[in-house]
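S.K.: give me a 3D structure for the following:
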Amino acid sequence: MMIFEEPGNVPYATMNELIRLRVDKSKLAMRDAENNYNMGSYNLTINRLYYAMFYMISALLLKFQLYGKTHKGILILFSEHFVKTGFFTKSETEVYEKLFTMRMEGDYDDFVLFSKEQVEPWFEKVRAFMQVIERKLESEN
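M.R.: Alright, predicted model coming up:
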């Protein structure tokens, strides 16, 4: 099953197990980001920070039976259901949007090389974002 597909026929996992899997993937991506940062791989750090947020948002959407088929689709669903309703602020969403753009640049533009100074401030923002989502997931149980 691809990450974007509606998880309709998953015989080996309940929806809660799938949500937990995505939360775990988010935490693993954050750990990967820290390791890559420590090794000086800053483009890869941005990639993993983005995916830490992506998997956490994906878990939140699943909790509310919302399914995106693309990265942009997930952003749109997140904005419609959690930003416009006031649960997240526009500035919090801009962290995800900016990391999405930076990840694309770092992954696909040969001439983009992020520095330690550019990458470092994102850790605190991503951790805070992940904590808010994890609390929301826990409060819905």
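
S.K.: I figured A33 hits A52, correct?
M.R.: Yes: with contacts defined as C-beta atoms under 8 Å, A33 counts as touching A52 at a distance of 6.3 Å. The way it works is simple: take the backbone N, C-alpha and C, and place the C-beta from them, glycine included.

S.K.: out of the two, which sits in the more crowded spot?
M.R.: A direct count of neighbours by other C-beta atoms under 10 Å for A33 and A52 places A52 higher, at 27 against 24.

S.K.: got a list of what that one touches?
M.R.: A52 makes contact with S26, K27, A29, M30, A33, V126, M130, according to C-beta atoms under 8 Å, 6 or more residues apart in numbering.

S.K.: show me the shaky parts of the protein.
M.R.: 1-13, 141 (pLDDT under 70).

S.K.: isn't I19 right up against L137?
M.R.: Yes: I19 is within contact range of L137, at 6.8 Å (criterion: C-beta under 8 Å).

S.K.: ok, back up a step: show me which of the contacts of A52 is closest to L62.
M.R.: Ranked by distance to L62 (C-beta to C-beta), the contacts of A52 are led by S26 at 12.3 Å.

S.K.: how many neighbours does that closest one have?
M.R.: 23.
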